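In: Generate a structure from the sequence data that follows.
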Amino acid sequence: MLMHSYEGVHQQETKMAKNEVKLIGYWGSPAALRVEWALKLKGVEYEYIDEDLPNKSPFLLQCNPVYKKLPVLVHDGKPLAESLVIIEYIDETWSSENPILPQDPYERAMARFWAKFAEDKCVPTTVGVFSKLGEEQEKCTKEARENLKTLETALKGRKFFGGETIGFVDIAVGWLGYWIRIVEEIVGINLLEEETMPLLSAWVQDFLDVALVKERLPPRDKLLQLNKGFREQMIASST
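Out: Down below sits the predicted model:
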């Protein structure tokens, strides 16, 4: 009887270890933030490990020896890098709870398309507005507004990119709405205009009002100071 009880406890401990989830991130990292949103949406319990970016831990370097970047998800002892890849893994692994990607193959492909569009077009031009000066900044500002306006077309007839609830594109792009307002304050340029982009402006507010999203947003003042420092470093290195 005692042996049977011991085996039961041992099996339970093994099961807990196998299902253990760790996320290596950084409090001010948009990529880590969207992985947390995915985990929260799925109701997955996880241990969060906050990195000291200037002094990367041996654990991070061991888990992501290729890129040496975060975030890294460690599930059942197996590490996985790249935030969008991680989000898809989370969706497939914990498939019974709140689907992130659409079930329809076409809609699923389009969700990936818009997430990649934002990653390839909206993010670089917004970073350009943040890190450039003069004519280069003006060019990036024009392109950033055009790209955001294009992204807005995916919201036609929808509250969220995922429909009535948040989905893959919302999680992939959601941080941008929070960061853009900080960029605007630092550089004094309005990128996301309510008059010209009413759908996207409304989506930003609706997304940031979602409880699980709001719960994990970095403190705005702290993030503002962090990004002011980043901008100074970027400008100094380019002059």
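
In: what's the distance between residue 157 and residue 43?
Out: 29 Å (C-beta to C-beta, to the nearest Å). All C-beta atoms are positioned from the backbone trio N, CA, C, and that covers glycine.

In: low-scoring pLDDT stretches of the chain, where are they?
Out: Screening the chain residue by residue with the criterion pLDDT under 70, one finds the ranges 1-18.

In: which residues touch the residue positioned nearest the centre of it?
Out: The geometric centre of the chain, computed from its C-alpha atoms, lies nearest to residue 34 (C-alpha atoms, centre = their mean), at 2.6 Å. When contacts are counted by C-beta atoms under 8 Å, 6 or more residues apart in numbering, residue 34 is found next to 83, 87, 171, 172, 174, 175.

In: thinking again about what came up before, give me the more crowded residue out of residue 157 and residue 43.
Out: residue 43 (11 against 6; other C-beta atoms under 10 Å).

In: so what's the more buried one closest to, chain neighbours aside?
Out: residue 97 (5.4 Å; C-beta to C-beta, 6 or more residues apart in numbering).

In: The one you found: which element?
Out: For residue 97, there is no helix or strand it lies in under DSSP states H and E.

In: Return the backbone torsion pair for it.
Out: Here is the backbone geometry of residue 97 (degrees, to the nearest 10): phi -110, psi 130.

In: Count the neighbours of the closest residue to residue 56 other than its chain neighbours for me.
Out: Counting by C-beta to C-beta, 6+ apart, the nearest residue to residue 56 once its immediate chain neighbours are dropped is residue 68, at 6.5 Å. If you count neighbours by other C-beta under 10 Å, residue 68 ends up with 12.

In: Give the helix, strand or coil label for residue 68.
Out: Look at residue 68: counting by DSSP: H, G, I helix; E, B strand; the rest coil, its state is coil.

In: Distance-wise, check it relative to residue 111.
Out: Counting by C-beta to C-beta, the gap between residue 68 and residue 111 amounts to 29 Å.

In: Please apply the same query to residue 72.
Out: 23 Å.

In: what about the two, which has more around it?
Out: Remark: of residue 72 and residue 111, residue 72 carries more neighbours, 26 against 22, as counted by other C-beta under 10 Å.

In: Which residues are in contact with residue 63?
Out: Each residue near residue 63 by C-beta under 8 Å, 6+ apart is listed here: 24, 72, 74, 79, 81.

In: give me the number of residues near the nearest residue to the last one once chain neighbours are set aside?
Out: Think residue 81. By the measure of C-beta to C-beta, 6+ apart, the closest residue to residue 81 outside its immediate chain neighbours is residue 64, 4.6 Å from it. Under the neighbour criterion other C-beta under 10 Å, residue 64 is assigned a count of 19.

In: wait, isn't residue 64 in contact with residue 72?
Out: Yes - counting by C-beta atoms under 8 Å, residue 64 sits close enough to residue 72 to count as a contact (4.9 Å).

In: so what sits against both of these two?
Out: Going by C-beta under 8 Å, 6+ apart, residues that sit against residue 64 and also against residue 72 are 24, 79, 81.
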